[in-house]
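> no FASTA, just this:
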């Protein structure tokens, strides 16, 4: 599949750290839900395992999973972990988003 997702090394390192603290596998699930300030919002969760229909990307031993419905909205995106004065957060660089919001957690198509 050409339209895959990318997990940056910084994001992979953070997922591994969180997973270790929670004694869970280093698997991050990205999903898209309706809502947010711009129509859709990103949701991140640690997953116990991947589902048969998930799209999987792996960086430094950490897996990023996306379900088929969400993949249509985030194909080709990059998931990064950014630390700034405003706090630390996972950020999605989504080429499919026509508009976004200031908080970076929601988008429009």
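Arrived safely, thanks for sending. Only a predicted model underlies this, so the values are computations on that prediction, with no experimental measurement involved.

> Every contact and neighbour count from this point should use C-alpha atoms.
Fine.

> Which residues are in contact with the most centrally placed residue in the chain?
In the chain, the centroid-proximal residue (Cα atoms, centre = their mean) is residue 30; its distance is 4.0 Å. Taking Cα atoms under 8 Å, 6 or more residues apart in numbering, we find residue 30 in contact with 42, 43, 44, 45, 64, 65, 66, 67, 70.

> Okay, and which of those residues map to strands?
Among those, the members falling in strands (DSSP state E) are 42, 43, 44, 45, 64, 65, 66.

> how about residue 26, what does it touch?
Here residue 26 is in contact with 15, 16, 19, 20, 46, 47, 61, 62, 63 (Cα under 8 Å, 6+ apart).

> List only those of these flagged as buried.
Neighbour counting by 16 or more other Cα atoms under 10 Å classes 15, 16, 19, 46, 47, 62, 63 among the contacts of residue 26 as buried.

> Filter these down to just the ones in helices.
Among the buried ones among the contacts of residue 26, the members falling in helices (DSSP state H) are 15, 16, 19.

> Rebuild these as CSV, extending it with pLDDT and distance to residue 26.
Below are these laid out as CSV (pLDDT from 0 to 100; distance: Cα to Cα, whole Å):
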residue, pLDDT, distance to residue 26
15, 97, 6
16, 97, 5
19, 96, 5
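
> if we take these, which one ends up nearest to residue 99?
residue 15 (26.9 Å; Cα to Cα).

> Against residue 75, how distant is the residue nearest to the closest one when sequence neighbours are not counted?
Nearest residue to residue 15, sequence neighbours excluded (Cα to Cα, 6 or more residues apart in numbering): residue 26, at 6.1 Å. Distance, residue 26 to residue 75, using Cα to Cα, to the nearest Å: 21 Å.

> what's the pLDDT at the residue lying farthest from the centre of the chain?
For the chain, the residue at maximal distance from the C-alpha centroid (Cα atoms, centre = their mean) is residue 85, at 21.4 Å. Predicted confidence (pLDDT) for residue 85: 85.
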